[in-house]
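Colleague: prediction below, plus the sequence it came from.
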Amino acid sequence: MATLADVARRAGVSTATVSRIINNSPKPVAEALRERVLAAVAELQFVPNANAQQLARADRSAVGVIVHDVSDPYFAEITRGLQRVATDHGRLVIICNSYRDPERELAYVDLLHAHQTAAIVLAGSGYHDAPITARLDAKLRIYESTGGRVAVIGRHEHAGDAVVPENEPGGYLAGDALYRLGHTAIGVIAGPRHLTTTTDRLAGLRRAAKEHGHRLTARQIAYADFDRNGGGAAAAALLAANPGLTALAALNDSMAIGALACLRERGIDVPGRMSLIGFDDMPISVDVTPPLSTVRLPLEEIGVRAMSLALREGERDGPLVEHATARLVLRGSTAAPPSA
């Protein structure tokens with residue numbers, strides 16, 4: 001295949017001139033010179049390298065999105081919103097799954113920087129790891145210094161444009177709802193300990209317990225992966241350790257659905273014997289039996305707002321931080337405890 005250098009030799013110009021012409025650079029070029037270069041391109045059947053074009057263009061056409069796992073319904077809904085805005089702006093979206101591996105996340109920031117993406121959106125919980133957080137901040141600052149834009153979702157420890165879901169207030173809403181129904185023996189199906197989202201949602205539940213004159217002990221909390229299998233395993237562990245439980249609060253809906261399956265296998269009626277509440281309000285929450293009570297976050301809207309922040313034009317006076325409101329949604333999986 002012909003190269004940029006081949007075209008330059010045939011047209012009798014520098015490779016920089018060829019690059020400016022084929023990439024439509026705003027720098028002026030004599031029309032006769034332009035025609036000579038384009039004639040050489042046609043004669044040699046030169047096909048520009050897409051990666052090289054991306055690096056050469058001042059107008060970056062791609063945006064990068066780093067999520068924990070796009071197959072997770074939480075991130076699938078957020079990604080839907082991100083892509084909608086990117087498409088409206090004529091941007092290609094490059095989606096990277098970190099699988100909750102902070103080192104992989106750092107590597108993706110470097111990769112997206114090398115590909116000269118216009119913006120990077122990081123979606124998902126931060127980590128209780130100060131060195132990792134510092135390294136990530138440093139990489140993002142370098143990326144921004146070269147013209148890239150950054151927006152984060154659910155990462156209140158990072159400076160810059162952000163959409164912050166109300167995780168702590170949402171945890172409070174879930175706990176408050178159960179205590180108001182009359183439950184006092186509540187088990188918590190928590191996510192991984194090292195994620196800030198787990199800490200924030202659990203803090204809201206603890207605040208509700210304190211307000212109602214109770215507390216959540218370590219025995220009442222089971223940590224597991226933020227997925228269906230994790231929820232089922234955590235529910236089984238809580239039932240074994242706390243036979244008197246009358247309610248379970250899961251810190252996301254996937255875990256709640258796993259807990260629901262565990263309860264069904266054991267013949268425990270929901271909500272007659274055990275109430276169950278989730279978090280996020282994923283689409284499947286209304287399709288299970290009974291329909292799942294949960295705390296709703298506007299997931300698709302969160303994606304829309306984050307990408308809008310990342311692609312906003314003009315000078316910036318400072319970072320913008322927007323909060324995504326949590327709302328309680330009560331359905332058929334919660335009721336007063338049997339003793340009531």
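Modeller: Cool, got the structure. What you see is a predicted model, and the numbers here were worked out from it, not measured in a lab.

Colleague: please count neighbours and contacts with C-alpha atoms only from this point.
Modeller: Noted.

Colleague: least confident secondary structure element in this structure?
Modeller: Sorted by mean pLDDT, DSSP states H and E, the helices and strands of the chain end with helix 50-56, the least confident at a mean of 51.

Colleague: most centrally placed residue in the protein?
Modeller: residue 123 (2.5 Å; C-alpha atoms, centre = their mean).

Colleague: do a quick rundown of the helices in the stretch 101-250 of the chain.
Modeller: Assigned by DSSP state H, counting those that start in this stretch, the helices in the stretch 101-250 of the chain fall at 102-114, 130-145, 167-181, 196-211, 228-241.

Colleague: run a quick neighbour tally on residue 71.
Modeller: Neighbour count for residue 71, taken as other C-alpha atoms under 10 Å: 11.

Colleague: right, I mislabeled it, should have said residue 217
Modeller: 11.

Colleague: how about the one 10 residues further on?
Modeller: Per other C-alpha under 10 Å, the neighbour tally for residue 227 reads 18.

Colleague: which residues does it contact?
Modeller: Residues counted as contacts of residue 227 (C-alpha atoms under 8 Å, 6 or more residues apart in numbering) are 72, 254, 255, 258.

Colleague: that one and residue 251, how far apart?
Modeller: Distance, residue 227 to residue 251, using C-alpha to C-alpha, to the nearest Å: 10 Å.

Colleague: tell me the one among the contacts of residue 227 nearest to residue 45.
Modeller: residue 72 (44.7 Å; C-alpha to C-alpha).

Colleague: and the gap between the residue nearest to that closest one when sequence neighbours are not counted and residue 286?
Modeller: Counting by C-alpha to C-alpha, 6 or more residues apart in numbering, residue 227 is the residue found nearest to residue 72 once chain neighbours are left out, at 7.9 Å. Counting by C-alpha to C-alpha, the gap between residue 227 and residue 286 amounts to 18 Å.

Colleague: again, but for residue 164
Modeller: 25 Å.

Colleague: so what pLDDT did the nearest residue to residue 207 once chain neighbours are set aside get?
Modeller: Leaving aside its sequence neighbours, residue 207 sits nearest to residue 172 (C-alpha to C-alpha, 6+ apart; 6.3 Å). At residue 172 the predicted local distance difference test score is 98.

Colleague: now residue 172: how far from residue 182?
Modeller: According to C-alpha to C-alpha, residue 172 stands 16 Å off from residue 182.

Colleague: settle it for me: which of these two has more neighbours?
Modeller: Set residue 172 next to residue 182 and count neighbours by other C-alpha under 10 Å: residue 172 wins out with 25 against 16.

Colleague: ok, that one touching residue 210?
Modeller: No: with contact defined as C-alpha atoms under 8 Å, residue 172 does not reach residue 210; the gap is 10.3 Å.

Colleague: can you verify residue 75 is assigned to a helix?
Modeller: Yes: judged by DSSP: H, G, I helix; E, B strand; the rest coil, residue 75 forms part of a helix.

Colleague: what sits against it?
Modeller: When contacts are counted by C-alpha under 8 Å, 6+ apart, residue 75 is found next to 67, 68, 69, 123, 124.

Colleague: which among the residues you listed count as buried?
Modeller: Buried members of those, counted by 16 or more other C-alpha atoms under 10 Å: 67, 68, 69, 123, 124.

Colleague: closest one of those to residue 143?
Modeller: residue 123 (17.1 Å).

Colleague: list the contacts for that closest one?
Modeller: By C-alpha under 8 Å, 6+ apart, the contact set of residue 123 is 65, 66, 67, 68, 75, 152, 153, 154.

Colleague: follow-up on the earlier one: would a markdown table of the buried ones among the contacts of residue 75 with distance to residue 188 and pLDDT be doable?
Modeller: Output for the buried ones among the contacts of residue 75, formatted as a markdown table (distance: C-alpha to C-alpha, whole Å; pLDDT from 0 to 100):
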| residue | distance to residue 188 | pLDDT |
| --- | --- | --- |
| 67 | 25 | 96 |
| 68 | 23 | 93 |
| 69 | 23 | 92 |
| 123 | 24 | 95 |
| 124 | 21 | 89 |
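
Colleague: so which of these sit within strands?
Modeller: Taking DSSP state E, the ones among the buried ones among the contacts of residue 75 that sit in strands are 67, 123.
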